[in-house]
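Engineer: what follows is a predicted structure for the sequence shown.
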Amino acid sequence: MWPSFYFRWLTKFVPTGTVEIYPELSDSYETNLPNVFIIGDLTGVPLLKLAAESGVNVWKHIRNNKTNCLDAVIIGSGPAGLSCAYEASRLGKKYVVLEANLPFQTIQSYPKQKPIFAEPKGLEPLSKLKIQDSIKEDLLDYLNALLKKEPIELHSGKRVSSIRNDGSLYIVETETGDSYLTHSVVIAIGKSGDPKRLGVKGESSPSVSYRLFDPSDTKDKSIVIVGGGDSAVEAAIACSSYANEVVLIHRGKEFPRAKEENRKTLEVKVQEGKIKLLMEAEVTEISEQNIFVKTILSSIKLKSDLVYVLIGTTPPISFLKKIGIKIQNEKSFSDWVGFSSLFSFAVLAYFGKASFYGPGWFSPLATAFASISVLSLSLFVYLKLKAGLGAFQPWVFIRNTYLLGAFVYFLYVYLAATYFSHTLFGKYPSFHYTMLYSLTILVFGVRRILVRKTDYIFYQTLSLIFIQVLFLFLLPELILPALGDLGYLGSPEGYIRTEIFPNDAYWKAYGFILAWPLSMGVLYDSGITNFWLGYGILFSFVFIPLLVYRYGKGAYCGWICSCGGLAETLGDEHRQKMPHGKWAYRLEHSGQYILLVAFLLTLLKLVGVYGKLMDPSLVMSEAIADSVKWIYDIVVDIGLAGVVGVGFYFLFSGRIWCRMFCPLASLMHIYAKFSRFRIFSDKKKCISCNICTKNCHQGIDVMGYASRGIPMDSVQCVRCSACVSLCPTDVLEFGQLTASGVRYDSIQAKLRK
């Protein structure tokens, strides 16, 4: 009973929404197919103004064409495709626009008088298209007039059936039999694919529609609208001027995905009695004249002459898959082979470096997985070469060269030390592992600073690099041993070499920044000294709580922790891979159980160490702890923190360990419940694009907070700033709760580019 109550307290009112699925794109709009780009709504940003801007910006990344074929085939003639065509004309490029229907077909399918919001307001457009606040009809008049005044190379009625690779070029074929040879392809078809369905009996009835064309069609009728987004809310508002009765059914408690203007208008219509709301309700069946609905209190039957199911559409995933474009978080065979290689390397690294002081079976296990890693890496490279490398990309080359070099380096170090008694530079594999760990944070940290150009990320990344390199490598591995040899640490009987580094255990320097229970050795130690007992207690139970109270859990996880350092640097390119399903939210609580075990083991150990001085029988307490601790070390420290934490980087996210299993993070979750730190949102600006949730390393449903205007108090937040800096409409901002209101952190100034 108490675990359920405790977990509810930790995650009270936390949204647990999922993310929409889109094609996998680079920062330059490029798909996994070289020179094939996607712009507009399919990038995940549902704004006409930004869609038009993407049509201009994509030309910054389309590589020069050295052949006589077309520079680009642009598929789709919405705002993104039209803007892309005008920019191509300005640049003197050879192009053609292929449209399956008529120009602006998606906009033409909007309901009559649908309001058009020109967000974000502060954006100075580069595109020839100037999107203004208006209605559907005015926007169409403007677009048609522009097209008439400045024609483009537009072919209507040309639905693309295939895109085939022809060496370094592409052949784009249409259903009418036409084909176009091009250097690049720009897909701007929007995300309006097939409508989502309710999956209930009677849904195929003639009275059910999935799109509202003309609100006047509902005149003098009883209308039921199902949905909770802008389309459903706008339809209910529009139909309320014609229909006898309008009922809006929504399964949620509120309308977080609807724009603020629409929510306010809906409230007015409800107060006037023109719209009836059924919240937290689901449709169970539809007949020709009625619709059956289940609410939290009862089941009811409503009269319905027409039913509009407006719960969204599915992106044209099948078409994208058909032409070979990879979808986000979709795992191919080569992905699983790559995962096998990295996971096996993680087993090699963590069990290999521990084999020199661990059980005898560590070494053969590490060696076996070294073999698996070599084989799977070879297969992975073969598959990539077979698929084609595409155009040369400097960062991709640097990244892959570095990772391959690190793999070969550590493999050599381990095999040489294990089977030939040869230690490179006279150091065991643990030294080389720590060196590679620090170097990786440095290399990928520099990349992060160059790519994500905000002041916050600059200082945060510098902090992570400095702390990792100094405290986890230079200090314990080089500086302290050198100072000790030179006598600068005092005599063997001095305070430094007896209390801080007893028996020259310089690895204890890790404890300066890795608090208990992330580093169990800070407090779990048979020969624990008064210094480390005092420091460990003060660091974990005084300093960190104060830090979390003032700045949030992320002040440690995002600025100090070595696990966070690797996640924010090496794992930065993979932050969108964090799972958001129900099983992931349930697995978040695993770390609380690990924290409980760590607490009990440490308590038993300390009782045994200090208690046996007064009562010798208490030595059994220490023996019990030690009999379990070795299992804890293998399962948690090596297995979860090391093998899973690193091995899952490129399959899921670099924060799997931090989110799911870390006992220190779980301890800070308790502290964070009392923290003043929040991420605040201006819900009027939120467009429910889901970019914040999609880019959250910790799997937080940030949009669930932002669209409701609720200060984000999730204990999982690591203050990485991705949601704040990547928000296209500047909705989010770091801040603190105070007695008098909200006071924003000064360090978060100039967060965005």
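Structural biologist: Yep, it's here. Predicted model only: the values in this text are computed from it and were never measured.

Engineer: on the three-state scheme, the closest residue to Thr461 other than its chain neighbours is what?
Structural biologist: On the basis of Cβ to Cβ, 6 or more residues apart in numbering, the spatially nearest residue to Thr461 that is not a chain neighbour turns out to be Gly445, at 4.7 Å. From N, CA and C alone the C-beta is placed, and that goes for glycine too. Three-state call for Gly445 (DSSP: H, G, I helix; E, B strand; the rest coil): helix.

Engineer: how about the helices of the stretch 51-200 of the chain, start to end?
Structural biologist: 79-91, 105-108, 136-149 (DSSP state H, counting those that start in this stretch).

Engineer: highest mean neighbour count out of the ones you listed?
Structural biologist: helix 79-91 (a mean of 24; mean count of other Cβ atoms under 10 Å).

Engineer: export that one as PDB, just CAs?
Structural biologist: As requested, C-alpha coordinates have been extracted for helix 79-91 and formatted as PDB (Å, rounded to 0.1, in the frame of the first residue of the first chain):
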ATOM      1  CA  PRO A  79       3.100  27.300 -48.100                       C
ATOM      2  CA  ALA A  80       6.300  25.300 -47.600                       C
ATOM      3  CA  GLY A  81       6.500  24.000 -51.100                       C
ATOM      4  CA  LEU A  82       5.500  27.400 -52.600                       C
ATOM      5  CA  SER A  83       8.100  29.200 -50.500                       C
ATOM      6  CA  CYS A  84      10.800  26.700 -51.500                       C
ATOM      7  CA  ALA A  85       9.900  27.300 -55.200                       C
ATOM      8  CA  TYR A  86      10.200  31.000 -54.900                       C
ATOM      9  CA  GLU A  87      13.500  30.800 -53.100                       C
ATOM     10  CA  ALA A  88      14.700  28.400 -55.900                       C
ATOM     11  CA  SER A  89      13.700  31.000 -58.500                       C
ATOM     12  CA  ARG A  90      15.600  33.700 -56.600                       C
ATOM     13  CA  LEU A  91      18.700  31.600 -56.500                       C
END
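
Engineer: now it against helix 136-149, angle please.
Structural biologist: 20 degrees (axes from the mean of the first three to the mean of the last three Cα atoms, to 10 degrees).

Engineer: tell me what helix 79-91 is packed against?
Structural biologist: Of the remaining helices and strands, those touching helix 79-91 by 3 or more Cβ pairs under 8 Å, 6 or more residues apart in numbering; DSSP states H and E are helix 48-57, strand 70-75, strand 95-99, helix 136-149.

Engineer: just to revisit the earlier point, looking at the helices of the stretch 51-200 of the chain, which is closest to Tyr402?
Structural biologist: Closest to Tyr402 of the helices of the stretch 51-200 of the chain is helix 79-91 (Cβ to Cβ; 35.1 Å).

Engineer: pull out the buried positions in whichever strand or helix holds Pro3.
Structural biologist: Of the helices and strands defined by DSSP states H and E, Pro3 is found in helix 2-10. Buried residues in helix 2-10, defined by neighbour count with 16 or more other Cβ atoms under 10 Å: Leu10.

Engineer: that helix: what's the following helix or strand?
Structural biologist: Downstream of helix 2-10, the first helix or strand assigned by DSSP H and E is strand 36-38.

Engineer: packing partners of that following strand?
Structural biologist: strand 179-187.

Engineer: what's the angle between the strand it packs on and helix 48-57?
Structural biologist: Following the same axes, to 10 degrees, one obtains 130 degrees for the angle between strand 179-187 and helix 48-57.

Engineer: residues contacting strand 179-187, please?
Structural biologist: By Cβ atoms under 8 Å, 6 or more residues apart in numbering, the list of residues contacting strand 179-187 from outside reads 35-39, 42, 58, 62-63, 65, 67, 69-76, 81, 84, 96, 98, 163, 166, 168-173, 320.

Engineer: same check, this time on stretch 258-269
Structural biologist: The set of residues external to stretch 258-269 that reach it, using Cβ under 8 Å, 6+ apart, is 115, 117, 228-230, 233-234, 236-237, 240, 248, 255, 275, 683-684, 687-688.

Engineer: and stretch 354-369, by the same measure?
Structural biologist: Residues outside stretch 354-369 that contact it (Cβ under 8 Å, 6+ apart): 344-345, 347-348, 351-352, 414-415, 417-418, 428-430, 638.

Engineer: any weak-confidence spans in the stretch 251-400 of the chain?
Structural biologist: Of all residues in the stretch 251-400 of the chain, those with pLDDT under 70 make up the ranges 389-391.

Engineer: residue ranges of the strands in it, please?
Structural biologist: All strands of the stretch 251-400 of the chain, identified by DSSP state E, counting those that start in this stretch, fall at 276-279, 282-286, 290-294, 299-303, 306-309.

Engineer: how about those in a markdown table, adding mean neighbour count and distance to Val628?
Structural biologist: Formatted as a markdown table, the strands of the stretch 251-400 of the chain follow (neighbours: other Cβ atoms under 10 Å; distance: least, Cβ to Cβ, whole Å):
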| stretch | mean neighbour count | distance to Val628 |
| --- | --- | --- |
| strand 276-279 | 16 | 50 |
| strand 282-286 | 19 | 48 |
| strand 290-294 | 19 | 49 |
| strand 299-303 | 13 | 53 |
| strand 306-309 | 23 | 56 |
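
Engineer: let me have the ones you listed in CSV, extended by distance to Thr218.
Structural biologist: Output for these, formatted as CSV (distance: least, Cβ to Cβ, whole Å):
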stretch, distance to Thr218
strand 276-279, 14
strand 282-286, 17
strand 290-294, 15
strand 299-303, 13
strand 306-309, 6
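
Engineer: tell me the domain boundaries of the protein?
Structural biologist: Taking automatic domain parsing as the reference, the chain has its domains at 2-17+667-748, 36-187, 208-309, 334-666.

Engineer: got these as JSON lines, with distance to Arg197 columns?
Structural biologist: Compiled in JSON lines, the domains of the chain are given as follows (distance: least, Cβ to Cβ, whole Å):
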{"stretch": "domain 2-17+667-748", "distance to Arg197": "20"}
{"stretch": "domain 36-187", "distance to Arg197": "18"}
{"stretch": "domain 208-309", "distance to Arg197": "7"}
{"stretch": "domain 334-666", "distance to Arg197": "21"}
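
Engineer: for these, which one sits closest to Pro195?
Structural biologist: Pro195 lies closest, by Cβ to Cβ, to one member of the domains of the chain: domain 208-309, at 3.7 Å.

Engineer: contacts only, for the residue nearest to Thr461.
Structural biologist: By Cβ under 8 Å, 6+ apart, Gly445 lies in contact with 461-462, 464-465, 565, 568-569.

Engineer: returning to what we had before: now, which of the contacts of stretch 258-269 lie within strands?
Structural biologist: Counted as lying in strands by DSSP state E, out of the contacts of stretch 258-269, are 115, 248.
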